[in-house]
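Visitor: the following comprises the amino acid sequence and a computationally predicted model.
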Amino acid sequence: MSSPSILPAGSGNKDIVIVASREELSTPSRVSLPDPEPTPGLILADGSINWGCPCLGGMATGPCGIQFREAFSCFHYSEADPKGSDCYEKFSVMQQCMAEYPDLYGRDDDDELAEALAGSDTATAPATATAPAPATTTDNNATEEPH
Amino acid sequence: MLRAVSVLCGESQSFLLYTTARRDAYKLFRNTYASASTSSQRPRKIKKYRTTVLTSEASQASHSPSVHSPPPAQSSPPPTPPSQSPRRSWTVAAALALTASVGGIYFFRKLSEEENKIIPSEDAPKKNVEPVRTPIPASADHLPRHVQFLLVGAGTASFAAMRAIRSQKPDAQVLMVGSEYQLPYMRPPLTKELWREPDLDKVTDLDSLTFKQWNGRVRSLAYEPSAFYTPVEQLEERGAGCGVARGWAVRRLDVARRRATLEGAGGAGGTHTLTYDYCLVATGVVARRSAALAGARGAGRARTLRTADDVTQLAARLAGGDVQRVAVLGGGLLATELSAALAARLKDTGKTVLELYRESSPLASILPSYLAEEAARRLQEAGVTLLPEADVVDSRVVDDKVLMRLASGAEVEADYVVECVGTEFDPALADASELEVHPELGGVVVNPELQARPRVWAAGSAACHWAPREGRRRGALHDHAVTSGRRAGDNMLADMLGTAPAPYTHPHMFWTDLGPDLGYEAIGTIDSKLKTVGVFSEDAVTELRAHAAAAGEGDVGGPGEGAAGAAVRLEGGAAGGRRYERGVVFYLEGRRVVGVLLWNLFNRMHVARQVLAQAEFEDLFEVAKLFALHEDE
């Protein structure tokens, strides 16, 4: 295997360019890097919820943030069987709050719902049965929030 | 805003679907799986995700090691709704088991699909005719007398701080004060994706601006819609929430008394004094103006580009029949990005884009010369006419044409000029508030924890912070705004809770596109004055002559033609004479790697971070192997 070649580039030899074949580049590196620091996800190593996770979007910080957190905490820590079945009340409160902000939480994309339902296997049959017709009559015109 | 909310609980094995069956709305919570192990799930071009505060790290989370132990797998029947539920207004469905794997993460994805395109919104209030705009709220009477958290500025750093604060303290009361009239929005699309919106020139409601991501998803430029925020006039009585005062500016802080003086940014609305518990200065920067363009500006034929308002106004201007050739003055990141974006937009209109700059190549201050020359060729292929070594010393307008006089004595003609000659920190608030401003770099001087004074922090491009080895610096890019804003928010809360603040140590990162076929991202100190070592796969490097021959076969993007005039062609330029398709470049200080540039190489930023963290290596070729240059995207 030939060794990588070094091309002159730029002035004053400040910049070095190394060109190598794919074979050379694909050989195992002699350098090993430490594992990256884990980026905390929604659930931390100790099992607690990371409310600062960017993955939460505006859910935890928006106008129904408190209600969302109570409901999601309840679900996450629920030991009921089925999990979360002791959280109806909290989810109900959350949903009441969300209903006040249709612009923010107003309508789900129909495809998204369909996909979710399809992906949830047989267990979602009841939801399918009770899902509303596509919510085409919702808040398309209600994008202005009164101040 | 139409929003599907789905919860993905990787490894949790449980699936919970809550669906409201309301007439007007339904919500969906969904657990699905996010495999923690592979990079194959990561977006093909992860860089595109960085355009938001919110998902920038979610994408990283998808390849991080497992961070929680999965609850036991179980498959459960749908729970029965409470029998007393009068209207079956919601249904809980399903816990579902899938395969178990060792670790995982909860991954909550916000899928926000905006169906509303940019709307010309003829019925929206017009605000483009020399307005004395009305601030929001319209009168100082509606501003609170006291707030817990005062965030001065309503840009990305301020928004990220708000997120950090309210995610830890959901009942926090936050007031953001911004001099613009829009809701907080992200800036990277202003010189990128927004220009692909056909109706950009007709937009009047800036809060409705949307753009299309690389994957086709339409996103809102605003971080959150209006409904997310608490109306400012209700902030005091509610005691919690986040309000955004728009068209307002903080003129002075009395640090000792924790008081802020606000004034309508346009002179309307009056003045107001409020007290705060904690304050963040995140006022950002303003576009620098070229003194040589005063003549063109006076005639309404030159402008800077910093805000969403600037973008729509420029788009409207360029749509006019009197603009055939637009010139972009500057050779930096923004100028080159904008030149490429404008060329793509104007491609089939017969209108042309000229970029002129003092350097010999665009981006010469950050890229090693051989890559700067490659960038120049890419820009030309994208349809941009380049005029290097152009030092504009004066301008005048004759017969509706801008005539720019160069130091060489030559004169360059354009119908309109965009000034992209950098940004600068406006010290007015800091001076009035007796906050120290860095004499050379600008920005409020803060300690490593981003604090300037008791109860006062600064973040984003308004902060001049200190970091080990790097010393004092003032970041100016999006990623820095996000991470420093978040850190400042965290540290303000730490102060409130009596816990220890953490230093800001995040290396600066950016990404950019130059036309359709070249994107690059970089982290750390990216300065062309440094020594560099670049590593490329041999089939990613072609001699220019061979390439020129191949161009005849049609494997190269559009020709660099399209504009005549004074522009100088760069083909066969001074050094190099090679094309570079993909590779990695290390920037060195002594033996230390202080910066890593990924040239057309995506999804490897996490490797670059680790390389920066270790910094010293025997053999950089061995380090380059870690970037899998031999693998195709």
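Guide: Good, I have the coordinates. Numbering: from 1, shown residues only, chains lettered A, B, ... in the order given.

Visitor: wait, doesn't B:V326 sit right on B:A414?
Guide: Yes: counting by C-beta atoms under 8 Å, B:V326 does reach B:A414; the two are 6.4 Å apart. The way it works is simple: take the backbone N, C-alpha and C, and place the C-beta from them, glycine included.

Visitor: can you name the residues that contact B:G475?
Guide: Going by C-beta atoms under 8 Å, 6 or more residues apart in numbering or on different chains, B:G475 touches B:G460, B:S461, B:A463, B:H465, B:A481, B:S484, B:H508.

Visitor: try 7 Å this time
Guide: Contact partners of B:G475, counting by C-beta atoms under 7 Å, 6 or more residues apart in numbering or on different chains, are B:S461, B:S484, B:H508.

Visitor: same question for B:A608.
Guide: Counting by C-beta under 7 Å, 6+ apart, B:A608 touches B:I523, B:V596, B:L598.

Visitor: which one of those residues has the most neighbours?
Guide: Neighbour counts for the contacts of B:A608 (other C-beta atoms under 10 Å in any protein chain shown) peak at B:V596, which has 27 neighbours.

Visitor: can you check the pLDDT for the nearest residue to that residue once chain neighbours are set aside?
Guide: With C-beta to C-beta, 6 or more residues apart in numbering or on different chains as the criterion, B:V596 has its nearest non-adjacent residue at 3.9 Å, and that residue is B:A608. pLDDT for B:A608: 95.

Visitor: same deal with the one 5 residues further on?
Guide: What the model reports as pLDDT for B:A613 is 91.

Visitor: quick one, helices of chain A?
Guide: Secondary structure of chain A (DSSP state H): helices at A:22-26, A:65-77, A:88-99, A:102-105, A:110-119, A:125-130.

Visitor: least confident of those, on average?
Guide: Mean pLDDT is lowest for helix A:125-130 among the helices of chain A, at a mean of 31.

Visitor: ok but the residue nearest to B:V596 is inside a helix, no?
Guide: Yes: according to DSSP: H, G, I helix; E, B strand; the rest coil, the state of B:A608 is that of a helix.

Visitor: gap between it and B:F602?
Guide: Look at B:A608 and B:F602: by C-beta to C-beta, to the nearest Å, they are 11 Å apart.

Visitor: and what of B:W195?
Guide: Distance from B:W195 to B:F602, by C-beta to C-beta: 21 Å.

Visitor: got it, and B:V398?
Guide: 47 Å.

Visitor: got it, and B:N491?
Guide: According to C-beta to C-beta, B:N491 stands 32 Å off from B:F602.

Visitor: which positions within stretch A:59-75 qualify as buried?
Guide: For stretch A:59-75, the neighbour count (16 or more other C-beta atoms under 10 Å in any protein chain shown) marks A:59-72, A:74-75 as buried.

Visitor: can you give me the pLDDT of B:G515?
Guide: Listed pLDDT for B:G515 reads 74.

Visitor: re earlier: settle it for me: which of B:W195 and B:F602 has more neighbours?
Guide: Between B:W195 and B:F602, B:W195 has the larger neighbour count (other C-beta under 10 Å), namely 23 against 19.

Visitor: without its sequence neighbours, what residue ends up closest to the more buried one?
Guide: That would be B:A341: by C-beta to C-beta, 6+ apart, it lies 4.0 Å from B:W195.

Visitor: pretty sure the one you found sits in a helix.
Guide: Yes: assessed with three-state DSSP, B:A341 lies in a helix.

Visitor: tell me, how many residues neighbour it?
Guide: With neighbours defined by other C-beta under 10 Å, the count for B:A341 comes to 25.

Visitor: how about it, what does it touch?
Guide: B:T191, B:K192, B:W195.

Visitor: ok, now B:K529?
Guide: Counted by C-beta under 7 Å, 6+ apart, B:K529 has zero contacts.

Visitor: what's the answer for the one 10 residues further on, then?
Guide: Remark: with contacts taken as C-beta under 7 Å, 6+ apart, B:D539 is in contact with A:R22.

Visitor: can you rerun that using 10 Å?
Guide: A:V19, A:S21, A:R22, B:E581, B:R582, B:H630 (C-beta atoms under 10 Å, 6 or more residues apart in numbering or on different chains).

Visitor: could you report the pLDDT at it?
Guide: 86.

Visitor: that one in helix, strand or coil?
Guide: Under three-state DSSP, the three-state class of B:D539 is helix.

Visitor: how close does it sit to B:L629?
Guide: According to C-beta to C-beta, B:D539 and B:L629 sit 10 Å apart.

Visitor: got any residues that touch both of these two?
Guide: Residues touching both B:D539 and B:L629 (C-beta under 10 Å, 6+ apart) are A:R22, B:R582.

Visitor: mind listing the helices for the stretch 201-350 of chain B?
Guide: Taking DSSP state H, counting those that start in this stretch, the helices of the stretch 201-350 of chain B run over residues B:232-238, B:294-298, B:308-319, B:333-345.

Visitor: right, so those: which one is the most enclosed?
Guide: Burial of the helices of the stretch 201-350 of chain B is given as mean neighbour count (mean count of other C-beta atoms under 10 Å in any protein chain shown); helix B:333-345 ranks first at a mean of 25.

Visitor: does chain A sit close to the longest helix seen in chain B?
Guide: In chain B, assigned by DSSP H, the helix with the most residues is helix B:478-497. Yes: contact of helix B:478-497 with chain A (C-beta under 10 Å from any C-beta of the partner chain) involves B:V482, B:R486, B:G489, B:D490.

Visitor: which secondary structure elements does that helix sit against?
Guide: strand B:146-152, helix B:156-168, strand B:271-281, strand B:451-453, strand B:456-458, strand B:463-467, strand B:509-513 (3 or more C-beta pairs under 10 Å, 6 or more residues apart in numbering or on different chains; DSSP states H and E).

Visitor: out of these, the one nearest B:F425 is which?
Guide: Nearest of the helices and strands packed on helix B:478-497 to B:F425, taken as C-beta to C-beta: strand B:463-467 at 8.3 Å.

Visitor: and the spatially closest residue to A:K14 that is not a sequence neighbour, what are its bridge partners?
Guide: Excluding the flanking residues, the one nearest A:K14 by C-beta to C-beta, 6+ apart is B:K531, at 5.4 Å. Residues in a beta bridge with B:K531, per DSSP bridges, are B:L588.

Visitor: B:R592 now?
Guide: Counting by DSSP bridges, B:R592 is bridged to B:E589, B:E616.

Visitor: surely it and B:E470 touch.
Guide: No: contact criterion C-beta atoms under 10 Å: B:R592 and B:E470 do not qualify, at 11.4 Å.

Visitor: one step back: where among the helices and strands packed on helix B:478-497 is the average confidence lowest?
Guide: Among the helices and strands packed on helix B:478-497, strand B:509-513 carries the lowest mean pLDDT (a mean of 89).

Visitor: tilt between that one and helix B:478-497?
Guide: Computed by axes from the mean of the first three to the mean of the last three C-alpha atoms, to 10 degrees, the angle separating strand B:509-513 from helix B:478-497 equals 150 degrees.

Visitor: now A:D15. Nearest residue, chain neighbours left out?
Guide: Here the residue nearest A:D15, using C-beta to C-beta, 6+ apart, is B:P368, at 4.0 Å.
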